[in-house]
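Colleague: what follows is a predicted structure for the sequence shown.
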Amino acid sequence: MTRYELIRGRKRPPTAWMPDRREALAMLAAGSAAALAGCQRPRETITPFVDTANEIAAGEAVRYATALELSGYGRGVVGVVVDGRPIKVEGNAHHPSTLGATDPFIEAAVLDLFDPQRSKTPMRGPVPTDWRALGEALRAQTAAHATDRGAGIALLTGRVLSPTVLKQVEALTTEYPDLQRFRWEPLHDDAERVGAGIAFGRALAFQPRLDAADVVVSLGADLLGPGPDQIRMARGFARRRRPESGPMSRLYAIDTSLTPTGVMADRREAGRPELIHNAAIALAAALGAPLAAPALPPALARLVAQAAGDLKGGGGRGLVLVGPAQAPEIHALAHWMNGQARAPVDVHAPIDPVAQNHADSLLSLVQAMRAGAVKTLIVLDSDPVFGAPPELGFRDALRHVAFTVHAGLYRGATGRAAMWHAPLSHAFESWSDTRALDGTASLVQPLVAPLYDTRSAHAFLAMMRPAADVGDLQRVQATWRAGSDGGDFAGWWTNTLAAGVVPQSAATPATVPAARLPAVTPATTGPGLTLVLRPSPRVWDGRLAANAWLQETPDPISKETWGSSLALAPADAEALKLAAGAAATVRAGTRLIQVSVRIDPGHAQGAASLQTGFGQVDLGPVADGVGANAFALRDASQGFLIQPVEVLAAGAARPPPATQHVFELAPADAGLFPVVAASDLAPAKPRPSPPDLLTPPNPAPIAWAMVIDTSVCIGCNACVVACQAENNVPVIGPEEIAHERDMHWLRVDRYEHPGGQGGFQPVPCMQCEEAPCEPVCPVEASVHDSEGLNDQVYNRCIGTRFCESNCPYKVRRFNFHDNQHWPVFGQLDARSIEAQRNPEVSVRARGVMEKCTYCVQRISAARRTAEKEDRPIRDGEVTTACQGACPTQAISFGNRADPSAAVNAARRDPRHFVLLEELKTKPRTTYLARAANPPDDGGPR
Amino acid sequence: MSDIVLAEFASEADFAAALAALRERNIPVIEGFAPYPVIGADESADPGPGRVTAAVAIAGFAVAGAFYLLEWWTATSAYPFDSGGRPPDSWPAFIMGPFEFGIFAAGFAGFVALLIQCGLPRPHDPVFALPDIERASQDRFFLALARSEGVEAFAASLNGATVRRASL
Amino acid sequence: MTQDATSRWLDGPVDLTTVSVQVTAPVLAPRNRGWWIALCASGLLTAVMVAGMVYSFESGVGVWGNNTSVVWGFPIANYVYWIGIGNAGTLISALLLITRQKWRASINRFAEAMTLFAVSIAGVFPILHLGRPMYFYWLAPFPDSHTLWPQWRSALVWDFWAILSYLLFSIVFFYVGLIPDLATLRDRARSKLVARLYGVFALGWRGSLLHWRTHRRLEFLMACMAVPLVCSVHSIVGLDFAASLMPGWDESIFPPYFVVGALFSGFAVVVMLAAWLRGALGLQDIITPRHFEAMARVLVAASIVMGLSYATEWFSAWYGGQGPDVAQLAFTFGGPYRWLYFIMLFCNVAASQVFWLRRARTDMRVLIAVAVLINIGMWLERMLIILNTLSHGHLPSAWRLFTPTLVDFAILAGSFGFFALLMLLFSRLLPVVSMHDVRKLLSEEGLA
C-alpha cells in the first residue's frame, strides 16, 4: 500500500535525535535491530509439541513446549513459532500450573523477547563491553577467593527452583564452601512459611483444590488474583460455579480493597486488615476453637457466622484461605480451621530448598555488605535496588563491596548501580529447566537463537569457574541423565521436550499431623491508616513493568492503565479532603512517595491499598516514571502491611488513565448484567421473538457464534492480552488512553449492582446478524460474510467512523494515529517489535477502523485443513485467542448451524442472554448470566 | 444589416403603450429591450418558455431514473453483498440520490435551454452598436422597428419616444 | 425622472437610474479602506483554518478531541451548522419568489451568495473528518479496480449527493439571476477591461423581451425545484443521525426540525449580512428597516418552532418511557454538558422572543446581538446532538466525555474567517442586490 507507506514515512517516530555516548556505543555493540528481520533458529535440535504435524512448511506455525517462570515457579507453556519467530504463547494442557490456559504474564512474555528495551550487551559501569572482559574480571575476582574459601562471595538470587541452576550453585559451594547464598523475592511467602511452622512444626507447601471445596472462605486471600497459581485456582473455582454441572460452591470473601475474589464471591465484605485478623479468630472460635471471639462490625459478624455455619454443617468440605498480608498466626489458624473443615488441600515438602525467610535473607546480606564481609556480590536476576526497603540502603551498601555484578534480562536499577552488568537471554532463547508449585519439573527449550549478545543464567554462573564451559544443552541434559532411570535417555529427552513436563516429577504428598491451634490475640486497630501492598495484576512485583502490553492492560477492578493509584474508602478520602485523581503524599515514618488517589466504594475504611511494581526509574521508557513504587514504603521486615501511614493532599496529579469510568448499573440498566440465583434456575423457555421486518438470510452451513459465561469470568485479562498478541493490536500509550481512546479489540467490562453482586463481562465484537455498523458504511468497508462474520475491510475503509458511532456496543477501534510505531518506546528503535507480529493478520494503517474478527485467520486456517482432508470443520477445531487463553474456559466458540456444537449447548442454557437484545441486532456473541448463591440463603446445596 | 427605427422611452408606461399601439396597427416590432421583464409584453406568441419547461422536466426525470437504475444494478447484480441483513434492493434507501441529483440535472438543463433559446453566449451582437443601447440594461426602454416612411413618422408620434435612425 | 418613492420596501428618491448607480457603485467605484482592513482580518483567520487543516491532514485526525465513544466531533457539527446556513439563502430566495414577497428583491442576491459560500465550506468538513481523506472520492460511483460501488444505503452517500447537487444547483440558480445584472455592470463600466470582463460573464445578455420571458420562466421553475431540494438536503443531514439506533438520535422528528433549524440560523446570518452591507455600501434606501422587521418576524416564528421541536423531543422520550431515551434525557439535563444545553435553549428559544417588541425589531444593535446569539445556539445544538448521544450510549462501560483540542477550535474559528473573506470579495466584485429585481419592484410599485 503505497499510500500507507506515504503516511507512515511522514509519521515515523522522531529520527532527528542525537544518542548520547552511552546509547550510541550500546547500539554499536548490540548491532542493528534490523538483523531481526530473519530470526535464527537455535543451533541445537528442538522438539515440537506433542500434537503437531511432523513436516514444517514455510510460513506455518509450529508449536514447542517450554516453560516460563514467575517468581521462580515454572509454568509450562507452548510457544508458537512461525519461520523461526516466536509470535504467541499458549498454555500447556499437560502442565499442572497452566492446564492449557494462560494469564496476562504468560501471554506478554513474547513481547519481552522482542522488547527493544532489553539489555543487549555486557556493561562495565556506563560503558558497553563484551563477555570476554566480563568473564576475565569475574574469574580473576573469584580466583582471589581461593584463599578465603569463598567467604567473601555473596550470591543473591530470586527464588530458584531450576534443578540445573541449583546444581551449579551446589558445585560453586563445593568449590567455595563459605560462599554465602541469599534468596529474596519482594513478593515473598514468609508469613505462609512461618505459619506452616507454627501449625505443623515444619515448613510445608500447600495446594488447595477449589474444585473439591463446597465452601470457601477467603480472608484477604485474593485466591483468584494474579500469581503463579492463578490459572489452577481459577480453573478449580470455575468447575464449581456452573450450576448446570453439579452443585455450586459458596465463596465468602473479606478483603480490604475490592479484588477479583471479592467480585466473584457470593458474599463479600470489606474489612481493614486488622478486622480480617479478628474475623479469622472469630471464625475459628465459631468452629470450636477455645478462643475469645473478638467483637466485629455487624456486617462482618454476620458473614463470619454464616460462613461458620456453612463450614460446619452439611457434610461438605470447607476451605479457609488467608492472604499473604496476614500474620503467621492467622495462617496457622487457617490450617487448624481447614483441619476442622476437612479442607481439600494437598500438602508436600516445600519446593524451595532455602528455608530462610526472604526478608531475613536480604537483611543479613545487607548487614554482611556493610560489615565489609562481602568482597564479591553476584546478583542473579533480581533487582534489590528497586524492590528492597529503602532503610536497608542497598544502593550504598553496594559501595562497601569491591566487585559487584548484576545479571538480568533488563539492566534495571541494580544493573546500573552494579559495577558490571551481564545481559541474560530470554527463556525463549535458552536451554534450562524449572519446577512448578507442585514440584512438577519442565524442560525449557529455546524457540529462537539469542537475538542479542546475551547468555543464559547457566552460562553466566559457569563463567565463575575456570573449567571450560559446556553448552547449556549438555548441562541441562547432564542434570536429568542422572535422574532418568538409565534406559534410553535420548528417547526420554525427546518425549519430555515434546510433552513439556517431566513425568512423575511432582512432589510426593506429605502426611501431616493435625494442625496445632496457635496462640493468637485479636489485633487492635492502631492510629492512622493501614496500607496494604497488593501484587499488581499487570506488572507483578515490577519485573514485568517494562512490558508495554501489560502496562496498557486495564486493571481488572479499577480499569486503570499505565500505573496504579492509591485506593481509599470514600469516607477516608472525604476526611482527608482528597478528590478522586488528586495527588497525595503517602508517608510511613520517614519514607514517603507521591501517588494519585482513587476512591474505591468497595474499599475498607481505615485502610488504603497500593499495587506493587510501578514507579520504576531505570528500566526504560515504558516503565520509567509510571506510577509510584510501593516497596519504597516498606521497612526492613518487608511485610505487606504498613501501619500507620499518613496520606496528605499534594495538589493535582495526572492519574493513571482508565478505560472504564462508570461501574455501578442504574436499575434501568440492570439487564445489561443479569445475576441469577443458582437455586431458582428454570430450564430455558423459548422467548417469543418480536416480528422481524427483514427477511432472514437463508441458513448457511457455517454460522460462527460465541457464548461467554460471566459466571466464571474472573476478569484476569488473559484474553485481552492474548487478543493483542494474536491480532497485532498496537500499544498506544497513556496519553492516548487519557484522551479516552483505546485499542484493545476485546475489553472486559466490570459492573456492580447496587447492594448486590457484580461481575466481569468480556465484550468482543458481537458479530451482529443485523449489524448496525454495516448499512451506514458508505464504501462497503464493513460487510457481512457467508459465515456470519462482520468483516472490516481495512484497505477499503476511509475512516468515516459512522460504524462506531452507530455501534451500540462500541467495540470498534479507530486508528487515530499511525499506531504501528509504538510511541511508548520513545527514542528506541522499535523495529524489533515487528518480528512478533502475526503474519496471518494484516497491520492497520492510520485512519482506518478495526475490530474483533473472531480470529478469522484461525478460522481460515482450520478451513484450509478441513478442505485438504475433505471434511467439514470439526466442533472445537477453531479456537479463538481469547478462548484459548481463558483459565476458566468461560468462552465457548463454534458453529451455530451444527446442533451438536458446544456453543449450541451453551445457547440452550437457561442462563443464556443477549446483550441489548431489544435493539434487534441479533448478535452472534451472547452470554450466560452470572449464577450466584444469593447473599442470604442457606447452605451451598 | 437592415435599416431600422430605434425608439427610446424613459418610462415603462410609455413603452407598454407604444407596444400596444404598434400591435394595434400591426406594425412588426423587430425586438424590444428593457432593463427588467415588462409585464404585458405578449408571451403567448413565444415558444421559448415552453421549451425551457420541457427541457427541465425531461432532464430531471431521465437523470433520476438513470441514477436509480445504476443503484439497483450495482446493488443487485454488479456487486451484491450482505449489509446488515438488508435486502440487496433496499429501494427506500435508494431514493435520496436520484431525487437530489435529478433536481440539479433539471435545473442545469433549464439553464442550457435558456442559453439556446436566447442565443447566448454571444459576446458580439449588432445590438450593442445601437446608440444609447447600454441604458437598456439600466433605465431605458427601446423598440427596434423596420424602417419605412410611415413607421418612422408614427414612431416619432409615440408618447415619450425619442426616435433615431440606426441599422441592425 | 426622479420622484419621491412611496414604496413600502424602498426609501428615499429611488428610481431606475439611482438603483443602478447605488448598487454598482461599490463594484465600479470602490472607495473604502474599511474593506481592506476587514479583508486582511478575515484573511488571517482563513490562514488559521488552513493551518489547522494542513496539520490535521499531516498528523491524522488524532489531533482532535474525538475518542473511542465520541468518534464524531467538531467537523461533523461544523458541517451540519454550515450546511444549515447554506440552506437558508436559496430557500429564502426561492420561497419568497414563489410566494411573491416583494421584499425579496433587496435581499435575495446576497442571501444566495451566502448559500454558495456556506455550502462550499460545509462540503469541506465531511472530507476533513475522514480518517483517510485522500479516498473521499470512493463515495462516487465509478468503475475502479476494487470493482466496488458506493454503499447506497449509507446516509453519508445520501449526504454526498445532497451536498453536491445542492451546491451545483445553487450555483446555477445564482448565476441565472446574476446574468442581467452583469450586463448592467458591463454597460456601466468605465474602463474597457472591466467592461470586457463583465461582458464575458454576461454572455451577451441584451435584455430583449425574448430574453426576459425565458429568463422569468426559468427563474420560477428553479425556485419551485429549489424548495423541495433544500428541504430534502437538510432532511438527509437529519437522517445521518435519525437513521441510527443510538438513544437521542433515532427520532422521526429530526428531518423537519433540522430544516427549520437551518432556516432559523440562515435567516439570522442574513440579518447580520444585511446590516453590514446596508451600512458599508450605503444601501439604506434599498435595504430598509421594514426588511429587518420582516426578517425579525420570521426569526420569532422559527424560534417558536425550534422550542416546539425540543419540547417534542423531551415529551416523546418521557412519554415513550424507553430506558435509554429517558436516560438520555436525564443526561441532557443533568449531565456535564447541561450548561451548554441551557445556553443553547436560551439562544435558540428565548433570545428571539424580544422581537415581539416593535422597537427591538427595528433596533440594529438588538437585531445583530440576537442574530449572533442564534448562531452560537445553533452551533451548540449541533454539537450537543453529537455529544449527548455518543457520550452516553447504551453501555455504561463506554460512557466517555469529549474534550476538544486547540486544532478543533482553530478550524472552527477559521471557517468563519473564510466565510467573511468570501463575502467581502463578493461585495466588491458583484452587485450585492439584484438590480433587475429591484427595478421590477419599482415597476410593480408604479415608480418606473
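Modeller: On my side now, so go ahead.
Colleague: may I have the phi/psi pair for the residue of chain C found nearest chain A?
Modeller: Closest approach between chain C and chain A, counting by Cβ to the nearest Cβ: C:Gly131, at 1.8 Å. For every residue, glycine as well, the C-beta is placed using N, CA and C. Backbone torsions for C:Gly131, taken as degrees, to the nearest 10, come to phi -70, psi -30.
Colleague: that one and chain B: what is the separation?
Modeller: 20 Å (Cβ to the nearest Cβ, to the nearest Å).
Colleague: now do the helix or strand harbouring A:Val78: which elements does it pack against?
Modeller: Applying DSSP states H and E as the criterion places A:Val78 in strand A:73-82. Helices and strands touching strand A:73-82, by 3 or more Cβ pairs under 8 Å, 6 or more residues apart in numbering or on different chains; DSSP states H and E, are strand A:61-70, strand A:85-91, helix A:104-114, strand A:432-435, strand A:441-444.
Colleague: just say which of these is most tucked in.
Modeller: Counting by mean count of other Cβ atoms under 10 Å in any protein chain shown, strand A:441-444 has the highest mean neighbour count of the helices and strands packed on strand A:73-82, with a mean of 28.
Colleague: quick one: residues contacting B:Ala78.
Modeller: For B:Ala78, the contact set (Cβ atoms under 8 Å, 6 or more residues apart in numbering or on different chains) comprises C:Thr147, C:Trp149.
Colleague: scratch that, A:Ser900
Modeller: A:Asp875.
Colleague: the one 5 residues further on too?
Modeller: The neighbours of A:Ala905, taking Cβ under 8 Å, 6+ apart as the test, are A:Ser892.
Colleague: so what pLDDT did the closest residue in space to A:Cys716 that isn't next to it in sequence get?
Modeller: Spatial nearest neighbour of A:Cys716, excluding adjacent residues (Cβ to Cβ, 6 or more residues apart in numbering or on different chains): A:Asp103 at 5.9 Å. We have a pLDDT of 96 for A:Asp103.
Colleague: do the same with A:Ala682
Modeller: Looking at A:Ala682, its pLDDT stands at 62.
Colleague: and if you look at B:Asp89?
Modeller: On the pLDDT scale, B:Asp89 gets 88.
Colleague: you'd agree it is up against B:Trp72?
Modeller: Yes: B:Asp89 is within contact range of B:Trp72, at 5.9 Å (criterion: Cβ atoms under 8 Å).
Colleague: pull the longest helix from chain B.
Modeller: helix B:48-73 (DSSP state H).
Colleague: is chain C within reach of the helix or strand that comes right after it?
Modeller: Once the chain leaves helix B:48-73, the next helix or strand it forms, by DSSP H and E, is helix B:91-94. Yes: shown here: helix B:91-94 in contact with chain C (Cβ under 8 Å from any Cβ of the partner chain) through B:Ala93, B:Phe94.
Colleague: pull the CA atoms of helix B:91-94 into PDB?
Modeller: The C-alpha coordinates for helix B:91-94 follow below in PDB (Å, rounded to 0.1, in the frame of the first residue of the first chain):
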ATOM      1  CA  TRP B  91     -35.400   0.900  -2.500                       C
ATOM      2  CA  PRO B  92     -36.300   3.300   0.300                       C
ATOM      3  CA  ALA B  93     -32.600   4.000   0.800                       C
ATOM      4  CA  PHE B  94     -32.000   4.300  -2.900                       C
END
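Colleague: what's that helix packed up against?
Modeller: Where contact means 3+ Cβ pairs under 8 Å, 6+ apart, helix B:91-94 is packed against helix B:48-73.
Colleague: can the helix it packs on be said to contact chain A?
Modeller: No: with Cβ under 8 Å from any Cβ as the criterion, chain A is not reached by helix B:48-73; the gap is at least 13.1 Å.
Colleague: phi, psi for A:Gln474 please.
Modeller: Main-chain dihedrals, A:Gln474, degrees, to the nearest 10: phi -60, psi -40.
Colleague: good, wrapping up.
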